[in-house]
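J.: Here's a sequence, model it:
(chains A and B)
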Amino acid sequence: MSDQKTPAWAVAEADALAARSVNCEPPGALAEKLAEKRPLRVKLGVDPTAPDIHLGHTVVLQKLREFQDAGHTAVLIIGDWTARVGDPSGRSSTRPMLSPDEIDRNAETFRRQADLVLDPERTEVRSNGEWFAGMTLADVLALTSHVTVNQLLRRNDFATRMADDRPISMLELVYPLMQGYDSVMVEADVELGGTDQLFNLMLGRELQARMGCPVTQVSLTMPLLVGTDGVQKMSKSLGNYIGVTEPPEEQFGKAMSVPDATMAEYYRLLVPAEPGPTGHPAAEKRRLGRLIADRFHGPGAGEAAEEHFNRVTRDHKAPDDVPEHVLGPDDPVHLPALMVAALGLPSNGEARRLIQQGAVSLDGVPVADLDVARERLSGAVLKAGKRRFARLVAGD
RNA sequence: GGGGGGAUGCCCGAGUGGCCAAAGGGAGCGGUCUGUAAAAUCGCCGGCUCAGCCUACGGAGGUUCGAAUCCUCCUCCCCCCA
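T.: Numbering: from 1, shown residues only, chains lettered A, B, ... in the order given. Reported below is the predicted structural model:
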């Protein structure tokens, strides 16, 4: 086990595989494993709590892909059972539980989207329901016998909540054990995760050792990608995310709205092969937006998205592909109702407000009236706010 | 088992009988500015074809001319003691 015996090539390879990571624990362990010259089993667990993958997920997925490209096996664990519990990591409060149906649907979507980053050929997909569904109470007790509450409470999320007298559910306490047991079952050599996962990953290592698993895993954690708000970590529920399946124009637009200070981190974590930003922030952000759109929608998508952006956002013009909306028989037309129908606004009141605030126009001419003659609407482009459009056409 | 505290709009949080569609903050949306960045600034922010009406302060009843505010029961949550 002495570090001296680890060959230099293995150390170099370990360094390369640990690029951009925050932790790679324990020190030297990855190199030792690589020195064994066998394909490592690299585990990544994802809880299908939200169906869509966003760029934050891709940071870790990309790392997993790098392991695949180096000849190792990716073990993607869909946490259909852990999702029922809710991971407390990085959370200040308990998560709501999801219904089995919801979980299944999410898992399916997630799996499909993960293949945008991973090499499906070298991905072993498992569901932890495989081993959790059939567990008896005796099994569960045996599992819990390996850790102490004190040990679990040392974890930061719990410690601060204890200090603040905020609730910690039993289920949450069990979560790290479940995740750790996954590692035992798939015999993971390496487990990847965000920095918030370090505790869970280390516990997995301990469980493996205590439960007689032939390997103990290396914990490799990646930085958490900050959201488009530049403040909180990217997450669907905070609405500060860029989804991998979003339309390229959306991705480009969202990339443009990222704070300047955050841009360098996006370059580093999302497009590590590209040179970082050195020019004018606006130009570099455009490049970033193009790279992101290209990556998930193919070459050329970025350029098209940028043109769309120029047209709609910079020049305040309607895009080429304005969706059509067929007018009803009313005359005059009640504009708020029309806006709800044609533009998907949440309520007539919202539409009414936009009109009052001068945010609504017909063919570029601001509208102030709530009721508009049908004749004036027919054939016109209705616009509300910066980027909601509909081309109105007369019905029959 | 005993005692105490709490549940308010997307989130946090004020409000303890009328002046409450409910302070304040955050988030969000819109206008101006701009690089859809930051900063600034003005406005909106329950629903309704809207000077009015309707629905709302955990749930169900009740007291009252009038209840987010008082009473009863219920549900859920937190803390302390055991």
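
J.: Against RNA strand B, how distant is residue A:345?
T.: Distance of residue A:345 to RNA strand B, given as C-beta to the nearest atom of the strand, to the nearest Å: 9 Å. For glycine as for every other residue, the C-beta is placed from the backbone atoms N, C-alpha and C.

J.: What residue, apart from its backbone neighbours, is nearest the residue in the stretch 151-300 of chain A positioned nearest to RNA strand B spatially?
T.: At 2.3 Å from RNA strand B, residue A:253 is the closest residue in the stretch 151-300 of chain A, using C-beta to the nearest atom of the strand. Nearest residue to residue A:253, sequence neighbours excluded (C-beta to C-beta, 6 or more residues apart in numbering): residue A:309, at 6.0 Å.

J.: and that neighbour, what does it touch?
T.: For residue A:309, the contact set (C-beta atoms under 8 Å, 6 or more residues apart in numbering) comprises A:249, A:252-253, A:256, A:289.

J.: Those in helices, which ones?
T.: In helices, defined here by DSSP state H, the members of the contacts of residue A:309 are A:249, A:252-253, A:256, A:289.

J.: Most neighbours out of these, which is it?
T.: For the ones in helices among the contacts of residue A:309, the largest number of neighbours (other C-beta atoms under 10 Å) sits with residue A:252, at 30 neighbours.

J.: what's the distance between that one and residue A:295?
T.: Using C-beta to C-beta, to the nearest Å, residue A:252 is found at 12 Å from residue A:295.

J.: and what of residue A:358?
T.: 38 Å.

J.: Of those two, which one has the most company?
T.: Applying other C-beta under 10 Å to residue A:358 and residue A:295 shows that residue A:295 carries more neighbours, namely 20 against 10.

J.: Give me the spatial nearest neighbour of the more buried one, chain neighbours excluded.
T.: Nearest one to residue A:295, counting by C-beta to C-beta, 6+ apart, is residue A:271 at 7.5 Å.

J.: hang on, that neighbour packs against residue A:290?
T.: No - using C-beta atoms under 8 Å as the test, residue A:271 is too far from residue A:290 to be in contact (10.3 Å).

J.: neighbour count winner among those two?
T.: residue A:290 (23 against 17).

J.: Next up, identify which helix or strand residue A:102 is on.
T.: Residue A:102 is part of helix A:100-114, with elements assigned from DSSP states H and E.

J.: ditto for residue A:184
T.: Residue A:184 is part of helix A:170-186, with elements assigned from DSSP H and E.

J.: Quick check: buried residues in that helix?
T.: Buried residues in helix A:170-186, defined by neighbour count with 16 or more other C-beta atoms under 10 Å: A:172-186.

J.: Run through the neighbouring helices and strands of whichever strand or helix holds residue A:342.
T.: Assigned by DSSP H and E, residue A:342 belongs to helix A:335-343. Identification of packing neighbours for helix A:335-343 by 3 or more C-beta pairs under 8 Å, 6 or more residues apart in numbering; DSSP states H and E yields strand A:324-326, helix A:348-356, strand A:381-384, strand A:388-393.

J.: let's see it at 10 Å
T.: With contacts defined as 3 or more C-beta pairs under 10 Å, 6 or more residues apart in numbering; DSSP states H and E, helix A:335-343 has these neighbours: strand A:324-326, helix A:348-356, strand A:360-362, strand A:371-372, helix A:374-377, strand A:381-384, strand A:388-393.

J.: quick one, which of these is nearest to residue A:159?
T.: Of all the helices and strands packed on helix A:335-343, helix A:348-356 sits nearest to residue A:159, with 43.2 Å by C-beta to C-beta.

J.: re the thing from before, would you turn the helices and strands packed on helix A:335-343 into JSON lines with distance to residue A:129, mean pLDDT and mean neighbour count?
T.: What follows is the helices and strands packed on helix A:335-343, written out as JSON lines (distance: least, C-beta to C-beta, whole Å; pLDDT from 0 to 100; neighbours: other C-beta atoms under 10 Å):
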{"stretch": "strand A:324-326", "distance to residue A:129": "45", "mean pLDDT": "93", "mean neighbour count": "13"}
{"stretch": "helix A:348-356", "distance to residue A:129": "42", "mean pLDDT": "92", "mean neighbour count": "16"}
{"stretch": "strand A:360-362", "distance to residue A:129": "50", "mean pLDDT": "92", "mean neighbour count": "19"}
{"stretch": "strand A:371-372", "distance to residue A:129": "56", "mean pLDDT": "92", "mean neighbour count": "16"}
{"stretch": "helix A:374-377", "distance to residue A:129": "54", "mean pLDDT": "92", "mean neighbour count": "16"}
{"stretch": "strand A:381-384", "distance to residue A:129": "45", "mean pLDDT": "93", "mean neighbour count": "22"}
{"stretch": "strand A:388-393", "distance to residue A:129": "42", "mean pLDDT": "93", "mean neighbour count": "18"}
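
J.: So for RNA strand B, which of those sits nearest?
T.: RNA strand B lies closest, by C-beta to the nearest atom of the strand, to one member of these: helix A:348-356, at 3.1 Å.

J.: Residues in contact with the closest one: which ones?
T.: With contacts defined as C-beta atoms under 10 Å, 6 or more residues apart in numbering, helix A:348-356 is touched by A:334-343, A:345, A:347, A:359-361, A:366-370, A:384-385, A:388.

J.: how about it, does it reach RNA strand B?
T.: Yes - residues of helix A:348-356 contacting RNA strand B under C-beta under 7 Å from any atom of the strand: A:348-350, A:352-354.
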